[in-house]
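Participant: Can you look at this prediction? I've put the sequence above it.
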Protein chains: 2
Amino acid sequence: MPVCKGFQTDSEMYMKRIITISRECGSGGRTIGRKLAEKLGYAFYDKELIDRVAKESGLAKEFIEEQGEHITGSLLFNIASNMTYAGQVFGGHMLPLQDQLYVVQSDIIKDIAEKENCVIVGRCADYILKDRDDALHVFIHAKLEDKMERAVKDYGFDRDGVEKSLRKKDKARANHYRYYTDAEWGKTQNYDITLNSSTCGLDGCVDILYAIVKELE
Amino acid sequence: MPVCKGFQTDSEMYMKRIITISRECGSGGRTIGRKLAEKLGYAFYDKELIDRVAKESGLAKEFIEEQGEHITGSLLFNIASNMTYAGQVFGGHMLPLQDQLYVVQSDIIKDIAEKENCVIVGRCADYILKDRDDALHVFIHAKLEDKMERAVKDYGFDRDGVEKSLRKKDKARANHYRYYTDAEWGKTQNYDITLNSSTCGLDGCVDILYAIVKELE
């Protein structure tokens, strides 16, 4: 019996062979992405994306991991940081290092999406692939207490100040997203589906997303 | 076979016997709500809510329909309109008519939620019932072209200026919501799930929501 037998597969509905997962820190979005990829038999890009960006750009993995989806300081601080690296030549042009990273990362995300069925976590992938009809864009959020618990238990955050750390991380993601896309991170209308993982559980979220992908095949 | 077998039914997860549906105008959210209620065997409150508010408040149905979830003019216009009715006595106090409506409507929504399994469309029900663990809060949006098409075909909007009419209606809903709740209408974090009905189709949305409710039973 089909899980969601009501899906209309008319010309406006497309098979979703690319899933982008944006997520609040501590919401379990990365785990949902990994499990969904396993269940679908799709490639999973999270650390794997960082490895590939490092290989193709020559940039350090730590730099990519941190700067590839966060703007942590003030805008002024980031402009100053970028100025330090402004002497790097990139494609015949001079680009600040963080902007170079965004360009390389975007090209790799587009290339991956073109070539294979995949789940990509974070890194503005939803925006970069927003015009693809075969992409499903997902945002995962959760109750603050659940995010705090997960951050301490699974990611090794200090219990003291964990709430502040989570807010800072999400703010840095939102700043990065706005800086590069001029759009709002986490805004309902940017996604096909947003889920509160506290309501359904991580595996419940995986099952809902799996059902949507399978029914649109 | 359970649709979403991964749902963890631990102490933090509750059966959802109340569904609130907030929706962009033209997204098909009302239809999704009606079909979901039928499928679940839950009561459905849309026009039915207006009838009950009319009965208990003595206000005209047309007034309730329009003012019960929209602030259409400027704030100043609304204050002026309310002043006109400021002489009405309500619970021993003088309250502007639109505020009286909000109070009656909220009380009725809380009463319904207490007494029966139900789907309630619009009218800040998500905010009014936000502290209930047995409520699932849903927001439905859609691609602009689909909303325009639906508004013309199903709701009788003029094709000329339909885009503007839809924006105006949603803006009035957002204003009303902000005025009474001091919160943001359509914000991801206010809902357990948001769905783009253009991606899954109306029946697909019904099936996803049905699966969530059934798995949390």
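Facilitator: Looks like it arrived, so ask away. Source: prediction; values computed, not measured.
Participant: So for chain A, the centremost residue is which one?
Facilitator: residue A:122 (1.1 Å; CA atoms, centre = their mean).
Participant: quick one: contacts for that one?
Facilitator: A:21, A:22, A:23, A:46, A:69, A:173 (CB atoms under 8 Å, 6 or more residues apart in numbering or on different chains). C-beta here means a position set from N, CA and C on the backbone, and glycine is covered the same way.
Participant: What about residue A:158, how many residues nearby?
Facilitator: Here the number of neighbours of residue A:158 (other CB atoms under 10 Å in any protein chain shown) works out to 9.
Participant: Just say helix, strand or coil for it.
Facilitator: coil (DSSP: H, G, I helix; E, B strand; the rest coil).
Participant: I'd say residue A:120 and residue A:23 touch.
Facilitator: No. Residue A:120 is not in contact with residue A:23 according to CB atoms under 8 Å; the separation is 11.8 Å.
Participant: Overlap in contacts, the two.
Facilitator: Residues touching both residue A:120 and residue A:23 by CB under 8 Å, 6+ apart: residue A:33.
Participant: Looking at those two, which one has more neighbours?
Facilitator: A count of neighbours by other CB under 10 Å puts residue A:120 above the other of residue A:120 and residue A:23, at 29 against 25.
Participant: State the mean pLDDT of the helix or strand that contains that one.
Facilitator: In the assignment (DSSP states H and E), residue A:120 maps to strand A:118-121. Here strand A:118-121 scores 96 as its mean pLDDT.
Participant: from the contacts of residue A:122, which two are the most distant?
Facilitator: Greatest spatial distance in the contacts of residue A:122: A:46 and A:173, 14.3 Å, computed using CB to CB.
Participant: Just want to know which of those two has more residues nearby.
Facilitator: Taking neighbours as other CB under 10 Å, residue A:46 and residue A:173 compare with residue A:173 leading, 23 against 17.
Participant: Next one, pLDDT for the more buried one please.
Facilitator: In this prediction, residue A:173 carries a pLDDT score of 92.
Participant: Point out where chain A drops to low pLDDT.
Facilitator: A:1-12, A:72-95 (pLDDT under 70).
Participant: ok, which stretches of it are helices?
Facilitator: In chain A, helices defined by DSSP state H lie at A:29-40, A:47-57, A:61-67, A:75-84, A:97-115, A:125-128, A:144-155, A:162-181, A:197-200, A:202-215, listed in chain order.
Participant: list the helices and strands the last one packs on?
Facilitator: Right, helix A:202-215. Where contact means 3 or more CB pairs under 8 Å, 6 or more residues apart in numbering or on different chains; DSSP states H and E, helix A:202-215 is packed against helix A:29-40, strand A:135-141, strand A:193-196, helix A:197-200, helix B:197-200, helix B:202-215.
Participant: The third one now?
Facilitator: With contacts defined as 3+ CB pairs under 8 Å, 6+ apart, helix A:61-67 has these neighbours: helix A:47-57, helix A:97-115.
Participant: Please identify the most buried of those.
Facilitator: Stretch with highest mean neighbour count among the helices and strands packed on helix A:61-67: helix A:97-115 (a mean of 18; mean count of other CB atoms under 10 Å in any protein chain shown).
Participant: if we can go back for a sec, want to throw the helices of chain A into a markdown table with distance to residue B:204?
Facilitator: Shown next, in a markdown table, are those (distance: least, CB to CB, whole Å):
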| stretch | distance to residue B:204 |
| --- | --- |
| helix A:29-40 | 18 |
| helix A:47-57 | 30 |
| helix A:61-67 | 36 |
| helix A:75-84 | 41 |
| helix A:97-115 | 23 |
| helix A:125-128 | 20 |
| helix A:144-155 | 28 |
| helix A:162-181 | 28 |
| helix A:197-200 | 17 |
| helix A:202-215 | 7 |
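Participant: Indicate which one of these is closest to residue B:109.
Facilitator: Closest to residue B:109 of the helices of chain A, according to CB to CB: helix A:197-200, at 20.3 Å.
Participant: And for that closest one, what's in contact with it?
Facilitator: A:27-29, A:32, A:140-143, A:146, A:204-205, A:208, B:4, B:7, B:12-13, B:136, B:192-193, B:212, B:215-216.
Participant: Can you say which of the residues you listed are buried?
Facilitator: Neighbour-count burial (16 or more other CB atoms under 10 Å in any protein chain shown) applied to these gives A:27-29, A:32, A:140-143, A:146, A:204-205, A:208, B:4, B:7, B:13, B:136, B:192-193, B:212, B:215-216.
Participant: Next, format the helices and strands packed on helix A:61-67 as CSV and append distance to chain B.
Facilitator: Listed next are those as CSV, based on distance: least, CB to the nearest CB, whole Å:
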stretch, distance to chain B
helix A:47-57, 24
helix A:97-115, 17
